[in-house]
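Novice: below are the sequence and a predicted model; questions follow.
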Amino acid sequence: MATLLIAEHDNSALNGVTAKALTAAAALGAPVHILVAGQGATAVADAAAKLAGVEKVLLADDALYAHRLAEPLAALVVSLAPGYDAIVGPSTAMVKNVLPRVAALLDVMQISDIIKVDAPDTFERPIYAGNAIQTVKSSDAKKVVTVRTASFAATGEGGSAPVEAVAAAADPAVSVFVEEAIAASDRPELTAAKIIVSGGRAVGSREKFAELIEPLADALGAAVGASRAAVDAGYAPNDWQVGQTGKVVAPELYIALGISGAIQHLAGMKDSKVIVAVNKDEEAPIFQVADYGLVGDINTVIPELKAEIAKVKG
Amino acid sequence: MKILVPVKRVVDYNVKVRVKSDGSGVELANVKMSMNPFDEIAVEEALRLKEAGKATEVVVVSIGPAQASETLRTALAMGADRGILVKVDGVVEPLAVAKILKAVVGEEAPGLVILGKQAIDDDCNQTGQMLAALLGWPQGTFASKVVVEDGGFAVTREIDGGLQTVTLKGPAIVTTDLRLNEPRYASLPNIMKAKKKPIDEKTPDAYGVDVAPRLTVVKTAEPAGRKAGVKVGSVAELVGKLKDEAGVI
């Protein structure tokens, strides 16, 4: 039987993490079908159909799925489940909300946040904020799996899978969408960015975060991240948090500014290809994972860094 | 309205865990244990709802070894009214935990169950959603705000890119994110008082729940290490290295 992959999208564009989760889904060895559940999401389904190796795209286009609330979406996935051996999704806020609900309805123990597929029933996943990697083998007949997308390369395009409409499932009618406050930004998304500029508590204030961290990110075409301490202090919005309980990222370049490097933060960024750390405390744990460390005050280093980058980018 | 809050005993968040040399798991002997931080936030939220007159009783439940009663005492010292200990030794997976909690909900009939969004030991982030599924209740996961409304709840959730607000028909499940509140510390008099609060002991068998794991742990290993690199002396040197050595800008 096949593997069902849940697509992450915003009704207009397919999110790049889907192609990364596809790589993990394909590693299970069975044909992959992608489920696009949304409203007015035809363009998303078309984009999913172009991903290499996809056998079929299922499009459930209904107002019920406009915001992908857990209750109706889980009901839809469960209605499709008899045709699948495995149900897979990227570890996004949406999938983390929906898939455990699906797993319980199917009486399956979900395998969260896998970083490697060893066999169709055996997976590696981090525990204790990534301080240990556990290999687990599932005895459930169906597998329900979420994928840490930072650990998988994206599958490319080149496919031309058919798009098939699927009917909406019955609405459990227990939840109602009220509103969403999504910050509009021209910056790349954290989980897709090639470069991330991240600020910590040492930045000092919301104003200084905007004045120091954000312009440097823009000069590099980077996404902006933050440590939990910076988010808790109100310097940065919650969805910028990188770490065990925030987003897990693995960009080409991660620049940590005024971040001491608590294990919970390191858990979210230590798989980055190149790590730069700037901190005035030379004993800060962040230097133990940094490829390039600079001991100094971010207030003076960041403007210099911006000027120097402008020079080399000329 | 009664609020049920499940709490888990986990390795303290300040402890850097070590993998056992034989790969059978992580070293848990003589390690400081505490209440899962997200569960502390859950207890706090329940107490605030009670203090605001929106709830009448806060019941805490823990599933784990005998020592999990210490975790319950912590919650009772914060202000919860009574505890339930479902005694199990060994690993209980989120699915089995959700099944036990479903049975507890059946006995206690709470109007709201507040759970931490994830435990910092297994990092699964599943139990609340699974419990909601088994009960057929709505779920407000990763909550940063909970408002009690007529017949239900308005929950603001931390999602990718921002915040989402949903209304849930009661009874409902809420799981906590970090920004929901700042948990209180238990005062000494309250710690003393907590010793007299009742804790009921149960077993999974009494609830008819099979806790046999569905996942076999094949091995536990250290993550691939990352070595410290070099310290650079100046910004110019740093940018030079990023351009010429690493080739990332």
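Specialist: Ah, there it is.
Novice: who's in contact with the residue in the stretch 201-314 of chain A that chain B sits nearest to?
Specialist: Going by C-beta to the nearest C-beta, chain B is nearest to residue A:291 of the stretch 201-314 of chain A, at 3.6 Å. (Each C-beta comes from the backbone N, C-alpha and C, glycine too.) Contacts for residue A:291 were tallied using C-beta atoms under 8 Å, 6 or more residues apart in numbering or on different chains; they are A:274-276, B:229-230, B:246.
Novice: just residue B:28 next, same as before
Specialist: Counted by C-beta under 8 Å, 6+ apart, residue B:28 has contacts residue B:11.
Novice: phi and psi next, for it.
Specialist: Per-residue torsions, residue B:28: phi -110, psi 0 (degrees, to the nearest 10).
Novice: what's the burial count for residue A:140?
Specialist: Look at residue A:140: counted by other C-beta atoms under 10 Å in any protein chain shown, it has 18 neighbours.
Novice: whoops, I mixed them up, residue B:60
Specialist: So residue B:60, with other C-beta under 10 Å, has 29 neighbours.
Novice: correct me, but it touches residue B:8?
Specialist: No - the pair residue B:60 / residue B:8 is not scored as a contact, 10.9 Å apart, by C-beta atoms under 8 Å.
Novice: doesn't residue B:186 make contact with residue B:74?
Specialist: Yes - with contact defined as C-beta under 8 Å, residue B:74 reaches residue B:186; the gap is 6.8 Å.
Novice: which stretches of the stretch 201-314 of chain A form strands?
Specialist: Remark: strands assigned in the stretch 201-314 of chain A by DSSP state E, counting those that start in this stretch are A:223-226, A:253-257, A:274-279, A:292-295.
Novice: same question for the stretch 1-150 of chain A.
Specialist: With DSSP E, counting those that start in this stretch as the criterion, the stretch 1-150 of chain A has strands spanning A:2-6, A:32-38, A:54-61, A:84-90, A:111-114, A:116-119, A:122-127, A:132-138, A:143-147.
Novice: dump those to CSV, plus mean pLDDT, distance to residue A:21 and mean neighbour count.
Specialist: Shown next, in CSV, are these (pLDDT from 0 to 100; distance: least, C-beta to C-beta, whole Å; neighbours: other C-beta atoms under 10 Å in any protein chain shown):
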stretch, mean pLDDT, distance to residue A:21, mean neighbour count
strand A:2-6, 98, 6, 25
strand A:32-38, 98, 10, 26
strand A:54-61, 98, 12, 21
strand A:84-90, 98, 4, 24
strand A:111-114, 98, 10, 25
strand A:116-119, 98, 11, 16
strand A:122-127, 97, 13, 22
strand A:132-138, 97, 18, 20
strand A:143-147, 98, 4, 27
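Novice: of those, which is nearest residue B:18?
Specialist: Minimum separation from residue B:18 across the strands of the stretch 1-150 of chain A (C-beta to C-beta) falls at strand A:132-138, 8.4 Å.
Novice: what sits opposite the residue most central in space within chain B in the beta ladder?
Specialist: Geometric centre of chain B, nearest residue: residue B:116, 3.2 Å, by C-alpha atoms, centre = their mean. With DSSP bridges as the criterion, residue B:116 is bridged to residue B:176.
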